[in-house]
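*Asks:* Sequence and predicted structure are below.
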Amino acid sequence: MAPESHPAAAADAPSRNEHSRSRRFAGWREHHGWSAGASLRRLAARPLGSLLTITVMGLALALPLAFYLLLGNVQKLGDALGQSQAISVFLQPGQGAQQARLLADELGGRPELSGVAIKTPQQGMDELARMQGFSGALQSLGDNPLPFVLELRPRPDATAPVLERLVAEVRAMQGVQMVQDAGSWRQRLDALLAVGNRAVQVLASLLALAALLVVGNTVRVDIASRSEEIGVLLLLGASGAFVRRPYLYAGIWYGLLSGLLAAALAIMIEFALAGPVARLSQAYQGKLQVGGLPLWLLLAVPLAAAALGWLGARLVSAWQLRKAA
């Protein structure tokens, strides 16, 4: 007959298990803190090598940011020069306000257009007067020679062939002298920007891979220089996670510091371009609003770089430890 277990011992078993889990968690947390501090001290112990690694990674990560900034401002330049694919319809000089309204009502019912605006000759004269160098010449004119102009605003989903057909039909209408389509150059600019965005994505991927390889090689050299120490730890029963944890934190530090450097370089590029951009904006009467990199991107770069550093250290340390085992 088996002896009955003591009730007090059965009651103490869950508390002992909970105490054991608490001690293991405290030890795991303490080792994480020690690994983070020890890896940072190792970086500080060799300042030149660490600085070179961080600088190379920072420059590699700053290049996509610089290209992203350039493309964003080229997009804004396109906005200032007329992003909307507006179609300007110049009426013949003999056409008055009534004919302009009739034609605007006729074109306003087209499904490919979101709206039609009428620009009077006086409005056109006022725009010319605001341009530098035209005010003196306009004062010498007796009558206003400008015609009525209809500005056709296509829908965003209107395709290029549909708009080309619309332009051809409007040119053939009675009372129309000329049709100026600003959509063709805008389509070419959009195509170039699409190519530029794809190039930035490819470049960012390649440079992120380069940063990962730089961290991986640095951690590999560090592990190789401590192969005997790692061998002793493995013989004493240390787990692979315990051994590689300091190297993972080293990769995180490399990535985080290089990401901060990349964000700082991007901000420096913005400040360096501030003066020329301000003069360019004045040349366009303030219509050109050039912006910098968004704050969320500057904050995300160090975090993404830290993740890259961790990944590079994780892959290399796992491979090196398998060789050591």
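*Replies:* Now that the structure is in, tell me what you want to look at. Note that the coordinates shown come from a computational prediction; the quantities given were computed from them, not determined experimentally.
*Asks:* any weak-confidence spans in the stretch 101-250 of the chain?
*Replies:* By pLDDT under 70, the low-scoring segments of the stretch 101-250 of the chain are 128-145, 182-186, 240.
*Asks:* Kindly state the domain boundaries assigned to this protein.
*Replies:* 36-80+189-324, 87-181 (automatic domain parsing).
*Asks:* any idea which of those domains is most buried?
*Replies:* domain 36-80+189-324 (a mean of 17; mean count of other CB atoms under 10 Å). Any C-beta I mention is one placed from the backbone N, CA and C, and that applies to glycine too.
*Asks:* In the protein, what residue spans correspond to helices?
*Replies:* 7-45, 47-80, 97-108, 121-130, 135-139, 160-171, 183-225, 227-235, 240-283, 295-324 (DSSP state H).
*Asks:* can you pull the contacts of the residue nearest to the spatial centre of the chain?
*Replies:* In the chain, the centroid-proximal residue (CA atoms, centre = their mean) is Y68; its distance is 5.7 Å. Neighbour list for Y68: 200, 293, 297 [criterion: CB atoms under 8 Å, 6 or more residues apart in numbering].
*Asks:* measure the nearest residue to L315 once chain neighbours are set aside to V162 for me?
*Replies:* Sequence neighbours aside, G216 is the residue nearest to L315 in space, at 6.2 Å (criterion: CB to CB, 6 or more residues apart in numbering). Distance, G216 to V162, using CB to CB, to the nearest Å: 52 Å.
*Asks:* again with F25
*Replies:* F25 is 65 Å from V162, by CB to CB.
*Asks:* just L297 next, same as before
*Replies:* For L297 relative to V162 (CB to CB), the value is 36 Å.
*Asks:* Please tell me how far stretch 198-212 is from the chain's geometric centre.
*Replies:* Chain-centre distance of stretch 198-212: 13 Å, with CA atoms, centre = their mean, to the nearest Å.
*Asks:* actually stretch 309-317, sorry about that
*Replies:* With CA atoms, centre = their mean, you get 25 Å for stretch 309-317.
*Asks:* cool, stretch 239-246 as well?
*Replies:* The answer for stretch 239-246 is 35 Å, by CA atoms, centre = their mean.
*Asks:* ditto for stretch 33-46
*Replies:* 32 Å.
*Asks:* Equivalent analysis for stretch 308-324, please.
*Replies:* 29 Å.
*Asks:* Pretty sure I118 sits against R101.
*Replies:* Yes: at 6.8 Å, I118 counts as touching R101 under the criterion of CB atoms under 8 Å.
*Asks:* picking that back up, need the pLDDT of the residue nearest to the centre of the chain.
*Replies:* Looking at Y68, its pLDDT stands at 83.
*Asks:* so what's L152 up against?
*Replies:* Contacts of L152 (CB under 8 Å, 6+ apart): 86-89, 107, 113, 116, 166, 170.
*Asks:* quick one: contacts for Y247?
*Replies:* 39, 219, 222-223, 313, 316-317.
*Asks:* repeat that with 10 Å
*Replies:* 35, 39, 42, 215, 218-220, 222-223, 226, 230, 310, 313-314, 316-318, 320-321 (CB atoms under 10 Å, 6 or more residues apart in numbering).
*Asks:* Could I get the pLDDT score of the nearest residue to it once chain neighbours are set aside?
*Replies:* Using CB to CB, 6+ apart and skipping residues adjacent in sequence, the residue nearest Y247 is S317, 4.6 Å away. What the model reports for S317 is a pLDDT of 82.
*Asks:* isn't S317 right next to F242, touching?
*Replies:* No: using CB atoms under 10 Å, S317 is not in contact with F242, being 11.7 Å away.
*Asks:* ok, L51 to L257 distance?
*Replies:* 9 Å.
*Asks:* what touches both of those two?
*Replies:* Common neighbours of L51 and L257 (CB under 10 Å, 6+ apart) are L43.
*Asks:* hmm, back to that, out of the helices of the chain, nearest to P147?
*Replies:* Comparison of the helices of the chain against P147 by CB to CB identifies helix 121-130 as nearest, at 6.5 Å.
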